[in-house]
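**Student:** 3D, please:
(chains A, B, C and D)
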2 protein chains.
Amino acid sequence: MGATIFDVAKHAGVSIGTVSRVLNNRDRVHPKTRERVLKSIEALNFSANAYARGLANQQTDTLGLVIPQVNDSFYFEIVRGVEDAATEAGYRLLIASQPRHSEEHRYLDLFQRSYVDAMVLVAIDVHIYELREVIDRGVPVVLVHQNIDKSVPSFQADNFGGGREITQHLIGHGYTRLAYITGTDHTPDNRDRLRGMRDALNSSGLSLEETNILAGDFLPGSGYRAALELMRRPELPHAIFAANDQMAVDAIKALREHGLRVPDDIAVVGFDDVLMAQYVSPTLTTVHQPLYELGLQAAQMVLTTLQNQENVRSPALAPSVLLPTTLKIRQSCGCKG
Amino acid sequence: MGATIFDVAKHAGVSIGTVSRVLNNRDRVHPKTRERVLKSIEALNFSANAYARGLANQQTDTLGLVIPQVNDSFYFEIVRGVEDAATEAGYRLLIASQPRHSEEHRYLDLFQRSYVDAMVLVAIDVHIYELREVIDRGVPVVLVHQNIDKSVPSFQADNFGGGREITQHLIGHGYTRLAYITGTDHTPDNRDRLRGMRDALNSSGLSLEETNILAGDFLPGSGYRAALELMRRPELPHAIFAANDQMAVDAIKALREHGLRVPDDIAVVGFDDVLMAQYVSPTLTTVHQPLYELGLQAAQMVLTTLQNQENVRSPALAPSVLLPTTLKIRQSCGCKG
DNA sequence: CTTTCGTGTGAAAGCGCTTTTACAACCTCT
DNA sequence: AGAGGTTGTAAAAGCGCTTTCACACGAAAG
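**Tutor:** Residues are numbered from 1 along each chain as shown, chains lettered A, B, ... in the order given. Down below sits the predicted model:
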């Protein structure tokens, strides 16, 4: 048990009120008194109990972060961004994770008890009315990698733009017959990437045949199966665009196992730019997502909202920020590596 | 602002003390009264304020976790383990990160203010006297991937055993001239892996020549340089053991760029079993570290200590747990893939 | 020399909860 | 029927802090 504000007061020969005022630079305290209090704080190695403070202040300087429970570390970059923003602003970071598509939202209760001042939700399936409840309580919320309602601010990578850009790149190679391996169907990530692909094709007078859309699920295995399926066809596409790197790598594996050369016989590209993309052979052309930035900016936004208390509950200005992706040109599309 | 215990009391027609007793299953409450209180809690959607509770209880059901600020996501698996253990035990997780070798320990102050009940420190350079202060305050601490003092419990991967095992495997291939690319010199990880390697060699009547120990730093780039250095020698070693996968992959890159085939001309193995090890070509033989388990068990241990308050401050029984690593045999050592 | 005003500080209430203390109400014996 | 035990509950103190309120003091004004 460390020293309390009471100990400091006694040591400095003042009242606890004065110590508190020194601590918070509230009101005016005589310079000499302040000096004395500061010395006592130093001497006793005093540090104000955040919980007592939270109770008295009705705010806790704590940011709640929810991330999906995934077995890869894809989301960790986002956490780093959020952590940096929180630390920067003098906030603590309380973390909860939960299964990606769980209906039960433990963290909502957790965060309510813990009185987090704001929340960042990463790729979490949540209903708008649950969020409204939180927001109406004065706790600003921001979504990352998810966008369920216009009234809740969100930060996402520009999946559409990324999908379009990488498709344009494939078209630039002269490929006209393209195939797409989908992610889980209902996710906006998957849909937007596909939309981007279609947009690029259409702009070039090309189109994506329905039969060249292969069902995948973002997980390893489905990329492999999709490639097998394509190889059963009389005619191979020129290039495959997989909704994420994991499936792209898997597809390449299947193709090579059947004697096809990538990118010479068929090009394959992915999405995400996971670390591994640089190390597979051939190195994988893909779209980089600004994960760190996403986390950083989302957290900064929500903390700023908090500081300008005014508009927390105003659904009016809920920006939906799209951060640009970057095309990472490597070997698997046919470019020199 | 949610309902308070006072609101519940009024709604149920009892005193707040009774509500508290129901909440904590303390003392006996008449079944009928309990029922009534429970209903009111339900009706008002009441959830006890964790901060008020923390203040009254002098404990906060919060576990503090410190992880190094690294730009790769290597430590994320540990975080998952810790998070699972915390959730399981009904604890919240407060996360702080800091530069790997920073002298300044923000988190100590942070955690003191926040009154975390226990702390898990991952790969953090910290002085024993700083920890003693914390521990003497009754906050149990456990170290992961670090072991600064016998009086503080720690969880580590068995780097020695892992280094020995993979070296034995190389020897089994018939390789006798081995080289080692070091990590940052002073880390125990690096030292133990090297010790393990030496041990295996000595047991087979072999030895590691000093000139075959190349200075690396765990970072990409140094593996590349070390391989270049080796290729300048009149005679190549049969195999290279790099202190981590990153450097191993980099070394392979350098070797291949100079026309050497891995593993035919020279074998290369790593340590860590990062995700990428499965995707490089050739796939990388390496040592898997039980990261999730490390985090899980460390957190479980520290929370158990907390529950059996007795021995928190007793330096007597501070177990130093070594979790076994697993050899991941892939292609880069010369085995069939 | 009294009145007014600003300045600095102490006393005390309150944040939401846990826990101790005290005491009614009801039983169970003799 | 009264003494002695249980049981269930209310009342109140306390956790460490912030903040309001009031007030003492000295300076400026009348």
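
**Student:** now the strands for the stretch 51-200 of chain A?
**Tutor:** Under the criterion DSSP state E, counting those that start in this stretch, the stretch 51-200 of chain A contains strands at A:62-68, A:92-98, A:118-122, A:141-144, A:154-157, A:178-181.

**Student:** So what angle separates the directions of the third one and strand A:92-98?
**Tutor:** Okay, so that is strand A:118-122. Calculated by axes from the mean of the first three to the mean of the last three CA atoms, to 10 degrees, strand A:118-122 forms an angle of 40 degrees with strand A:92-98.

**Student:** in its sheet, what does strand A:118-122 sit against?
**Tutor:** Paired with strand A:118-122 in the same sheet, following DSSP bridges, are strand A:62-68 (parallel), strand A:141-144 (parallel).

**Student:** Ok, the last one next?
**Tutor:** Taking DSSP bridges as the criterion, strand A:178-181 pairs within the sheet with strand A:213-214 (parallel), strand A:239-242 (parallel).

**Student:** buried residues in the longest one?
**Tutor:** For strand A:239-242, the buried set under the neighbour-count rule, 16 or more other CB atoms under 10 Å in any protein chain shown, comprises A:239-242. C-betas here are computed from N, CA, C, even on glycine.

**Student:** Equivalent analysis for stretch A:164-182, please.
**Tutor:** By neighbour count, and taking 16+ other CB under 10 Å as the criterion, the buried residues in stretch A:164-182 are A:164-171, A:175, A:178-182.

**Student:** And the residues you listed, which is closest to DNA strand C?
**Tutor:** For DNA strand C, the nearest member of the buried residues of stretch A:164-182 is residue A:182. The distance, counting by CB to the nearest atom of the strand, is 46.7 Å.

**Student:** contacting residues around that closest one?
**Tutor:** Contact analysis of residue A:182 by CB atoms under 8 Å, 6 or more residues apart in numbering or on different chains lists A:190, A:194, A:213-216, A:243.

**Student:** Can you tell me which of the strands paired with strand A:178-181 is nearest to DNA strand D?
**Tutor:** strand A:239-242 (53.5 Å).

**Student:** pLDDT of the closest one, averaged?
**Tutor:** Per-residue confidence for strand A:239-242 averages out to 98 on the pLDDT scale.

**Student:** Show me what counts as buried in the very next helix or strand once past it.
**Tutor:** Next helix or strand after strand A:239-242 toward the C-terminus (DSSP states H and E): helix A:245-257. Counting neighbours by 16+ other CB under 10 Å, one finds that the buried residues in helix A:245-257 are A:245-256.

**Student:** ok, and which of the residues you listed reach chain B?
**Tutor:** With CB under 8 Å from any CB of the partner chain as the criterion, the buried residues of helix A:245-257 include residue A:249 near chain B.

**Student:** okay, the buried residues of helix A:245-257 in TSV with distance to residue B:322 next?
**Tutor:** Shown next, in TSV, are those (distance: CB to CB, whole Å):
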residue	distance to residue B:322
A:245	35
A:246	33
A:247	38
A:248	38
A:249	34
A:250	35
A:251	40
A:252	38
A:253	35
A:254	40
A:255	43
A:256	40
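
**Student:** since we're on residue A:58, how many residues are nearby?
**Tutor:** When counting by other CB atoms under 10 Å in any protein chain shown, one arrives at 12 neighbours for residue A:58.

**Student:** and if you look at residue A:275?
**Tutor:** 17.

**Student:** Check residue A:132 too.
**Tutor:** Each residue near residue A:132 was counted by other CB under 10 Å, and the total is 16.

**Student:** separation between the closest residue in space to it that isn't next to it in sequence and DNA strand D?
**Tutor:** Leaving out its chain neighbours, the residue that sits closest to residue A:132 by CB to CB, 6 or more residues apart in numbering or on different chains is residue A:151, at 8.0 Å. If you measure residue A:151 against DNA strand D using CB to the nearest atom of the strand, to the nearest Å, the figure is 30 Å.

**Student:** same thing with residue A:29?
**Tutor:** Shown here: residue A:29 relative to DNA strand D, a distance of 11 Å by CB to the nearest atom of the strand.

**Student:** Also residue A:336?
**Tutor:** Taking CB to the nearest atom of the strand as the measure, residue A:336 falls 62 Å from DNA strand D.

**Student:** repeat for residue A:262
**Tutor:** Using CB to the nearest atom of the strand, we find residue A:262 at a distance of 62 Å from DNA strand D.

**Student:** cool, residue A:153 as well?
**Tutor:** Note on residue A:153: its distance to DNA strand D, by CB to the nearest atom of the strand, is 27 Å.

**Student:** what are the phi and psi values for that residue?
**Tutor:** Main-chain dihedrals, residue A:153, degrees, to the nearest 10: phi -60, psi 150.

**Student:** Over to the one 5 residues further on?
**Tutor:** Phi and psi for residue A:158, reported as degrees, to the nearest 10, are phi -80, psi 80.

**Student:** Now do the contacts for the closest residue to residue A:321 other than its chain neighbours.
**Tutor:** Once its chain neighbours are removed from consideration, residue A:321 has its nearest residue in residue A:155; the separation is 4.8 Å (CB to CB, 6+ apart). Listed by CB under 8 Å, 6+ apart, the contact partners of residue A:155 are A:142-145, A:294, A:297-298, A:301, A:321, A:323.

**Student:** now residue A:321
**Tutor:** Taking CB under 8 Å, 6+ apart as the contact definition, residue A:321 lies against A:153-156, A:297-298, A:301.

**Student:** Just give me the closest of those residues to residue B:280.
**Tutor:** residue A:156 (30.8 Å; CB to CB).

**Student:** thinking again about what came up before, could I get the contacts of residue A:321 as a markdown table with distance to residue A:332?
**Tutor:** Putting those into a markdown table (distance: CB to CB, whole Å) gives the following:
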| residue | distance to residue A:332 |
| --- | --- |
| A:153 | 36 |
| A:154 | 31 |
| A:155 | 29 |
| A:156 | 25 |
| A:297 | 30 |
| A:298 | 31 |
| A:301 | 36 |
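
**Student:** need those residues in a markdown table with pLDDT and distance to residue B:264, can you?
**Tutor:** Formatted as a markdown table, the contacts of residue A:321 follow (pLDDT from 0 to 100; distance: CB to CB, whole Å):
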| residue | pLDDT | distance to residue B:264 |
| --- | --- | --- |
| A:153 | 92 | 56 |
| A:154 | 93 | 51 |
| A:155 | 95 | 48 |
| A:156 | 94 | 46 |
| A:297 | 96 | 48 |
| A:298 | 96 | 49 |
| A:301 | 93 | 54 |
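
**Student:** In PyMOL, how would I select the buried members of these?
**Tutor:** Taking 16+ other CB under 10 Å as the burial criterion, the selection of buried members of these in PyMOL is written as:
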select buried, chain A and resi 153+154+155+156+297+298+301
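
**Student:** Tell me which two of the contacts of residue A:321 sit farthest apart.
**Tutor:** In the contacts of residue A:321, the most distant members under the criterion CB to CB are A:156 and A:301, with 12.9 Å between them.

**Student:** Counting neighbours, what do you get for the closest residue to residue A:292 other than its chain neighbours?
**Tutor:** Computed as CB to CB, 6+ apart, the closest residue to residue A:292 that is not its neighbour in sequence is residue A:81, at 4.3 Å. Taking other CB under 10 Å as the criterion, the count of residues near residue A:81 is 24.
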